[in-house]
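1. I would like the atomic coordinates for the input below:
(chains A and B)
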Amino acid sequence: MTALLTITILVLIAIAIWQMTKIFQLTQVARENSQVATYKDNDLQGKLMYVFLIFIYLITIYSFWAWGDVLLPESASEHGVEYDRLMWISFALIFFVQTVTQALLHYFSYKYRGLEDTKALFYADNDRLEFIWTIIPVIVLAGLILYGLYTWTNIMNIEEDDDSLVVELYAQQFNWKARYAGQDNVLGDANVRFLQDYDGKNLVGIDSSDPNGQDDIVVQELHLPVGRQVIFKMRSQDVLHSAYMPHFRAQMNCVPGMITEFAFVPTKTTQEMRMFPEVAAKVQRINKIRHQNSQELIANGEEPLEAYQFDFLLLCNKICGASHYNMQMKIIVESEEDFNKWLAQQATFAEVIQ
Amino acid sequence: MSAIAHDDHHDHGHHHKETFITKYIFSQDHKMISKQYLISGLFMGIIGIAMSLLFRLQLAWPEQSFGIFSSLLGKWAPDGVMDPNVYLALVTIHGTIMVFFVLTAGLSGTFSNLLIPLQIGARDMASGLLNMISFWLFFVSCVIMLASLFVEAGPAAAGWTIYPPLSALPQAQPGSGLGMTLWLVSMAIFIASSLLGSLNYIVTVINLRTKGMSMTRLPLTIWAFFVTAIIGVVSFPVLLSAALMLIMDRSFGTSFFLSDIFIQGEVLHYQGGSPVLFEHLFWFLGHPEVYIVLLPALGITSEVLATNARKPIFGYRAMVASILAIAFLSTIVWGHHMFISGMNPFLGSVFTFTTLLIAIPSAVKAFNYITTLWKGNLQFNPGMLFSIGLVSTFISGGLTGIILGDSTLDINVHDTYFVVAHFHLVMGISALYGLFAGVYHWFPKMFGRMMNKNLGYVHFWVTAVCAYGVFFPMHFVGMAGLPRRYYTNTAFPYFDDLANVNIVITIFALIAGAAQLVFLYNFIHSMFYGKKAEMNPWRSNTLEWTAPVEHFHGNWEGEIPHVHRWAYDYSKPGHDQDFVPQNVPLKKGEEELNH
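-> Reported below is the predicted structural model:
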């Protein structure tokens, strides 16, 4: 019944728009009928172009004012600082070019609207002008490319030293697991063919004949020590996934059949991040929204929403199936001590399969 | 010479006897085929846009019950709540339909077919038969794609990029069963259609130009269509090979793209393949595809802008050079879709370099358009408004490409809504504006009647405001870190403050969708009841306006006009009128601009 009603309403809306359009059109017919723009049209449309320029500026300003605070907070990783700097330089440039070119485009549209006494200038070419606006983008882009490539090489060249922590991120529909290398800091060999060994207790398919794997630790919550390089080795058991850690400016796809890598140094613990004014304000805002939503739920006799507190997130960012939108893992960044204490409590692979 | 002209006259000048079927259905006349493409493209467009409105409803009011869902989606929306699999299917088919069926076939198919013969002075395409086959293959692929919507387990749902293994394994999601098979078959046929069409366009432009129509006198529309066809011929076969290999992996047990997979409690036999290979093959088409969509729109804009500015297009040679540069670069930048796919970071550096280079010819084009307006005598016909709108969205969307094309910056915005906002502005909205500009401008040529201009104005302004209203805020959603293709963001309390942005976006999208009804009304109504068009309503220079309003196979009665000048002699000093058609001989002592 609701189905029928909605369809009827939709059809009625469509008919209404159709009829309004028709009425609108019929009122036009009497006056003039050439359907080619007249001076009057040019005048009005040209002015509207000017108004549209103002609209573009206003929506830009409004968006920053209304939604500027949804943007990601300051980076929590070492290379993220460099990333953010490059981002804001690029943005400053983009905003400058956008403001100027949109102004020229729409202002010219307004200024040179065809009125009764206007004539166009026969002006087809100017080599010097064209040279200038070819060479300026060349220079600016050369700068951006060099800066970008320098940063890219720094981020992607992973140098493993004794101090680095090696962690495997293991993706499957629709959850994440993490594997720590244990005492030897070497991950044991693994393959999906071992997944069914030990009655499914071998969660990420470690090869039990590899001695390096015996002390490996598999967990469902990612803990990282602050201030130490973490080298992630990504694997997937079924389809493509992407390990996305926006607060660390880190992302890498997880590809079945191969191991991909990414590395970063976390610089802020979860606790520190929660104290950060920008983050605290965001959490407060979110809790206000959740509180409002809870009122509705309570009124409907349902459970209210839990209060939110900030945690670093690992999200899946490559379409992977129905629950793609809910494939997540909590990341906890803590002091080296707390991290070691936590790690010591986890069972090693050898203990799990006993 | 006179003998040839005489022959011409006899071969084509007379009206063929045509039955209903040869005239309206299995027509070999490029003008009819062009209309067939346009109408099929618009029909697919209605479906594609309607789908986007459905999933925008879900994004703004997640997991709420809508009557419209239960009526349109039936068992896929139990109690009116959209199923996550259906969300993914809608997103996938929306992308596929809009990119391939509307903006490739609907745009390029329509205007290449209409304008190539008419603007270069040819009686028809090089092969009318191939042209007809091309359209009917397209039609079949449309039918198969639409049929996939009615499959038990639902249509393809792996995203329009259909990355395996998700698209290869029916165990991975319901959409990867028969729905994906139909998707692949439909696309294979589509590619065949596109190749036949493109070959025809290339041959026609090279061989059938009328006397005096040298390559340097070609209107920029033809340059754009010509180069687009070349890109298509170079890159579409690679997608065909990828599709065939995927079909083999799915049905015949090969392992091109699959390796070491454990799914649904079972280890699969696949060994040694790589999904990254598929990504390379896909984007080898996928990126040039962006320009296959965009270049015709830019070509249309060049023509409409110059005609309505009553001023030559600024920097003709630079415009041609940028089209060629964009075409060349477009084939060596595909890796910027794969910076974080696990490919070697050094390759990422190379692709960053080539990608940012594309900004240079694009900037030249934008500046040249702006300069074309400078000191013009702008006639704001609806086509002109959409052309200016195109330049505006092309700039807004293109600029964020500088961020996404930079491998470093891509790390954190890759696959977020920032990307969605970027490509919708730069290729989606821009190309749609190009399509609308073309329809308003050449409607008199296609149907012999004028579209209502005031409805055109309403259509443009509502669409223009809503396009920015939808996609500008979307950049913020992306920079907040929200991945695309999420059924809802409510699984993360962290994103709870995005709820009101999503509602704003959806409201703008709904209004924009409604505004397209105004266009549809105008289109259909004008087709039958519009004011009868004159031969050259926009006082344009190009050859199509020298052909009579009534259509017949062969385009011109008598001899084909000869060309004596380039297409942009608008407001040239020393002439009575502010336009000089290409077929008007040079006056004594008049110099031809050598561009």
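2. which parts of the stretch 201-350 of chain B sit against chain A?
-> Proximity of the stretch 201-350 of chain B to chain A, by C-beta under 8 Å from any C-beta of the partner chain, involves residues B:258-263, B:265, B:267, B:272-276, B:309-318, B:340-342, B:345, B:348-349. Any C-beta I mention is one placed from the backbone N, CA and C, and that applies to glycine too.
3. Inside strands: which ones of those?
-> Judged by DSSP state E, these include B:Phe262, B:Ile263, B:Val267 as members of strands.
4. possible to save these as CSV with neighbour count?
-> Below are these laid out as CSV (neighbours: other C-beta atoms under 10 Å in any protein chain shown):
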residue, neighbour count
B:Phe262, 20
B:Ile263, 19
B:Val267, 17
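5. on that earlier part again, what subset of the residues of the stretch 201-350 of chain B next to chain A is buried?
-> Judged by neighbour count, with 16 or more other C-beta atoms under 10 Å in any protein chain shown as the criterion, the buried members of those are B:258-263, B:267, B:273-276, B:309-316, B:318, B:340-342, B:345, B:348-349.
6. In helices, which of those appear?
-> Counted as lying in helices by DSSP state H, out of these, are B:Pro275, B:Val276, B:Ala309, B:Tyr316, B:Ala318, B:Pro345, B:Gly348, B:Ser349.
7. Any stretches of the chain with poor pLDDT?
-> Defaulting to chain A. Scanning chain A for pLDDT under 70 picks out the ranges A:1-4, A:28-33.
8. if you could check chain B rather than the one you did, that'd help
-> Within chain B, the stretches with pLDDT under 70 are B:1-17, B:594-595.
9. Name the residue closest to the centre of it, please.
-> Of all residues in chain B, the one closest to the mean position by C-alpha atoms, centre = their mean is B:Leu103, 2.3 Å from it.
10. what do you get for chain A?
-> With distances taken as C-alpha atoms, centre = their mean, A:Pro246 lies nearest the centre of chain A, 6.8 Å away.
11. In this model A:Ile331 seems to touch that one, though I could be wrong.
-> No: counting by C-beta atoms under 8 Å, no contact exists between A:Pro246 and A:Ile331, whose distance comes to 10.8 Å.
12. got any residues that touch both of those two?
-> Taking C-beta atoms under 8 Å, 6 or more residues apart in numbering or on different chains as the contact rule, A:Pro246 and A:Ile331 both touch A:Leu313.
13. number of nearby residues for the residue nearest to B:Glu590 when sequence neighbours are not counted?
-> The spatial neighbour of B:Glu590 that comes closest, neighbours along the chain excluded (C-beta to C-beta, 6 or more residues apart in numbering or on different chains), is B:Gly574 at 6.5 Å. Neighbour count of B:Gly574, defined by other C-beta atoms under 10 Å in any protein chain shown: 10.
14. Over to the residue in the stretch 151-300 of chain A positioned nearest to chain B. Which of the three states is it?
-> Taking C-beta to the nearest C-beta as the measure, the point where the stretch 151-300 of chain A comes nearest chain B is A:Gly257, at 3.0 Å. When the structure is split into helix, strand and coil by DSSP: H, G, I helix; E, B strand; the rest coil, A:Gly257 lands in coil.
15. ok, how many other residues are close to it?
-> For A:Gly257, the neighbour count with other C-beta under 10 Å is 22.
16. you'd agree it is up against B:Ser259?
-> Yes: counting by C-beta under 8 Å, A:Gly257 does reach B:Ser259; the two are 3.0 Å apart.
17. Overlap of the contact sets of these two?
-> Counting by C-beta under 8 Å, 6+ apart, the common neighbours of A:Gly257 and B:Ser259 are B:Gly272, B:Gly273, B:Ser274.
18. Report the separation between the second one and A:Asp216.
-> The reference is to B:Gly273. Counting by C-beta to C-beta, to the nearest Å, the separation of B:Gly273 from A:Asp216 is 27 Å.
19. and what of the first one?
-> Distance of B:Gly272 to A:Asp216, computed by C-beta to C-beta: 26 Å.
20. in the one helix or strand A:Ser109 maps to, what's buried?
-> For A:Ser109, the host element (DSSP states H and E) is helix A:78-111. The neighbour-count criterion (16+ other C-beta under 10 Å) identifies A:78-80, A:82-84, A:86-87, A:90-91, A:93-94, A:97-98, A:101-102, A:104-110 as the buried residues of helix A:78-111.
21. Please see if that helix touches chain B.
-> Yes: with C-beta under 8 Å from any C-beta as the criterion, chain B is reached by helix A:78-111 at A:83, A:86-87, A:90-91, A:93-94, A:97-98, A:101-102, A:104-106, A:108-109.
22. which strands and helices sit next to that helix?
-> Contact here means 3 or more C-beta pairs under 8 Å, 6 or more residues apart in numbering or on different chains; DSSP states H and E; on that basis helix A:78-111 packs against helix A:39-67, helix A:127-156, strand A:260-264, helix B:345-373, helix B:382-404, helix B:407-413.
23. closest one to A:Asn175 among those?
-> Shortest distance between A:Asn175 and the helices and strands packed on helix A:78-111, using C-beta to C-beta, is found for strand A:260-264: 18.4 Å.
24. Tell me the helix or strand right after the closest one.
-> From strand A:260-264, the next helix or strand downstream (DSSP H and E) is helix A:270-275.
25. need the contact list for A:Ala171.
-> Residues near A:Ala171 by C-beta under 8 Å, 6+ apart: A:Met234, A:Arg235, A:Ser236, A:Gln237, A:His241, A:Ala243, A:Cys254, A:Cys316, A:Cys320, A:Met327.
26. Isn't the last one up against A:Leu169?
-> No: A:Met327 is beyond contact range of A:Leu169, at 11.9 Å (criterion: C-beta under 8 Å).
27. what do the two both touch?
-> Listed as contacting both A:Met327 and A:Leu169 by C-beta under 8 Å, 6+ apart are A:Trp176.
28. what residues are up against A:Glu261?
-> Contacts for A:Glu261 (C-beta under 8 Å, 6+ apart) come out as A:Ile158, A:Ile231, A:Phe232, A:Lys233, A:Met234, A:Met252.
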